[in-house]
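# need a structure here:
(2 chains)
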2 protein chains.
Amino acid sequence: MDRERMVKKQITRIRQGEREDLDDLVTIETPVTIYLNGNELVTLLCTPEKLDFLALGFLRSEGIITGINDLELIRVKEKEGLVEVDLKKETGLSEKLYGKRTVTSGCGKGTVFFNVLDSLRSSPLSGDLTISAEKVTGLMDSLQQRAELYKATGGVHSAALADRERIIYFSEDIGRHNAIDKIIGECLMDGIPTEDKIIVSSGRLSSEILLKTAKLKIQMLISRAAPTSLCIELAENLNITLAGFVRGKRINLYTHQWRITNS
Amino acid sequence: MDRERMVKKQITRIRQGEREDLDDLVTIETPVTIYLNGNELVTLLCTPEKLDFLALGFLRSEGIITGINDLELIRVKEKEGLVEVDLKKETGLSEKLYGKRTVTSGCGKGTVFFNVLDSLRSSPLSGDLTISAEKVTGLMDSLQQRAELYKATGGVHSAALADRERIIYFSEDIGRHNAIDKIIGECLMDGIPTEDKIIVSSGRLSSEILLKTAKLKIQMLISRAAPTSLCIELAENLNITLAGFVRGKRINLYTHQWRITNS
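Sure thing, here's the model as predicted:
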């Protein structure tokens, strides 16, 4: 059993009025605090794996770093539930964030969100990536096949970065946002280009998910679930393709549908 | 059509390689900012209805207010996307929060979370509410029947406050946390006792959901989805009954199972 991610619990199952005691696997939730330059920045409730990627992705999504080169050091202290990140120098933005303690856009809380929204609205992506519908549904099949923690516990979201052929990075987390941030962090760590990649997700597509990935110039989001109105509006303006309800051989296309071809 | 909650969008559906243009309903996501005593406190991304309940519930969950009596005024400005709340007097806690701008535990971010965690760990609930398994599955059926926005858009969570017989308050929101906060806010507004009530939810049971409802001394959480390890641990310590994966006639009981009886 994967000790970092799930734990055995004794439960009672009632089925048609019959009670039965059995062991069941439950997904682990744990608080992890990110320290930036020695100061406590934020505490995330998450699945305790890939914590370096989670911290990196979170900092990138918040606009505190632009890449791995901004870092002096990153150190995961798993037992203590913390990740220490030191920046080479404080950027203007990270100082501003410190001053306001508004480190909250991961869940759409805080004014940072609106600045990002405004800045992004004015700069649509220019990429011309295309992929066939068949490959889109194939990527979703791959995501589901790899979702082992979900299959065992039913309690997590999964996310992946893919190219047109296959999944490159995969993560699972109790949080929809964390799963995406872990993927983003892994991209940064490896320094791979993201402009030509695709995000595949099990979770709903909200404005925050879109803004996270738009910062990496990702042109296409594919999800098993529904998008929100604000996500669609932003995707329309930013020239990003949104595909939702990707289930079996079905795809709903909400924006810039030319990127997904029939064959 | 419910203009506040959903909007019609033209989409393209691909099914078995065939493209078809059609109208689809999408759930509305909108930013709503809460101002406390004239200061911007937080921006929530939410379904724009019951915003007064959302603000009240959020403030209660964060520990900024204990009840409606703490309020001088609450005013929703729907077009501007804001809710103004003035307190009668600033409590010690709300001042502390201001100073730190750590208003984030709705998504488990911020140090406030740990204080709450610590304080709750030491005070288990004492209630002896019981309910039959049949009524539990009946409450879940009611929740699903009322989930109209979910049925139309597939993009929201639902939550309800119930007694042993029926649902009393019901809400839907793009955010799992918001849906619960709206219910909590409605309880506060009406001033009904919550100690003998049950929370019914479509979403996963994480530590934050448990902590929100434990503050209202709610003894039982029922969900269609999975609980996390931390939620189970807290429920065990706080003497709260957790029922997950309530689907059809099946119930998984994780803690204090004596509250759910066979008949």
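# Sketch out the strands for the stretch 151-263 of chain A, chain order is fine.
In the stretch 151-263 of chain A, strands defined by DSSP state E, counting those that start in this stretch lie at A:157-162, A:167-173, A:198-201, A:220-223, A:241-247, A:250-255, A:260-261, listed in chain order.
# Nearest to B:L129, out of those?
Distance to B:L129, taken as CB to CB, is lowest for strand A:157-162 among the strands of the stretch 151-263 of chain A, at 32.1 Å. Using the backbone N, CA and C atoms, a C-beta is placed for each residue, glycine as well.
# which helices and strands sit right next to the closest one?
If you count contacts as 3 or more CB pairs under 8 Å, 6 or more residues apart in numbering or on different chains; DSSP states H and E, strand A:157-162 packs onto helix A:133-146, helix A:148-153, strand A:167-173, helix A:176-190, strand A:198-201.
# in its sheet, what does the third one sit against?
When you say that, I think you mean strand A:167-173. Strand A:167-173 pairs in its sheet with strand A:157-162 (antiparallel), by DSSP bridges.
# got the angle between the partner strand and helix A:133-146?
130 degrees (axes from the mean of the first three to the mean of the last three CA atoms, to 10 degrees).
# rewinding a little: can you put the strands of the stretch 151-263 of chain A in CSV and add mean neighbour count?
Below are these laid out as CSV (neighbours: other CB atoms under 10 Å in any protein chain shown):
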stretch, mean neighbour count
strand A:157-162, 25
strand A:167-173, 22
strand A:198-201, 26
strand A:220-223, 25
strand A:241-247, 23
strand A:250-255, 22
strand A:260-261, 18
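# Adding mean pLDDT as columns, could you present those strands in CSV?
As requested, the strands of the stretch 151-263 of chain A are exported to CSV (pLDDT from 0 to 100):
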stretch, mean pLDDT
strand A:157-162, 97
strand A:167-173, 97
strand A:198-201, 98
strand A:220-223, 98
strand A:241-247, 97
strand A:250-255, 97
strand A:260-261, 96
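# List the residue ranges of chain A that fall below the pLDDT cut-off.
A:1-3, A:90-122 (pLDDT under 70).
# domain ranges for it?
A:30-121, A:131-261 (automatic domain parsing).
# mind listing what A:E20 touches?
A:T12, A:R13, A:I14 (CB atoms under 8 Å, 6 or more residues apart in numbering or on different chains).
# let's see it at 10 Å
For A:E20, the contact set (CB atoms under 10 Å, 6 or more residues apart in numbering or on different chains) comprises A:I11, A:T12, A:R13, A:I14.
# Give me the buried stretch members for whichever strand or helix holds the second one, please.
Put plainly, it is A:T12. Assigning secondary structure by DSSP states H and E places A:T12 in strand A:6-15. By neighbour count on 16 or more other CB atoms under 10 Å in any protein chain shown, the buried set for strand A:6-15 is A:M6, A:V7, A:K9, A:I11, A:T12, A:I14.
# and whichever helix or strand comes after it with strand B:241-247, angle?
Once the chain leaves strand A:6-15, the next helix or strand it forms, by DSSP H and E, is strand A:18-27. Interaxial angle, strand A:18-27 versus strand B:241-247 (the same axes, to 10 degrees): 100 degrees.
# partner strands of the very next helix or strand once past strand A:18-27, parallel or antiparallel?
Per DSSP H and E, strand A:18-27 leads on to strand A:30-36 as the next helix or strand towards the C-terminus. Strand A:30-36 pairs in its sheet with strand A:39-46 (antiparallel), strand A:82-87 (parallel), by DSSP bridges.
# Kindly export the shortest one (C-alpha atoms) in PDB.
Same thing as strand A:82-87. Extracted C-alpha coordinates of strand A:82-87, given in PDB (Å, rounded to 0.1, in the frame of the first residue of the first chain):
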ATOM      1  CA  LEU A  82       6.600  22.100   5.400                       C
ATOM      2  CA  VAL A  83       8.400  23.300   2.300                       C
ATOM      3  CA  GLU A  84      11.100  25.900   2.600                       C
ATOM      4  CA  VAL A  85      11.700  28.100  -0.500                       C
ATOM      5  CA  ASP A  86      14.300  30.800  -0.600                       C
ATOM      6  CA  LEU A  87      14.300  33.200  -3.600                       C
END
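# how about it: buried residues?
Those would be A:L82, A:V83, A:E84, A:V85, A:L87, for strand A:82-87 by 16+ other CB under 10 Å.
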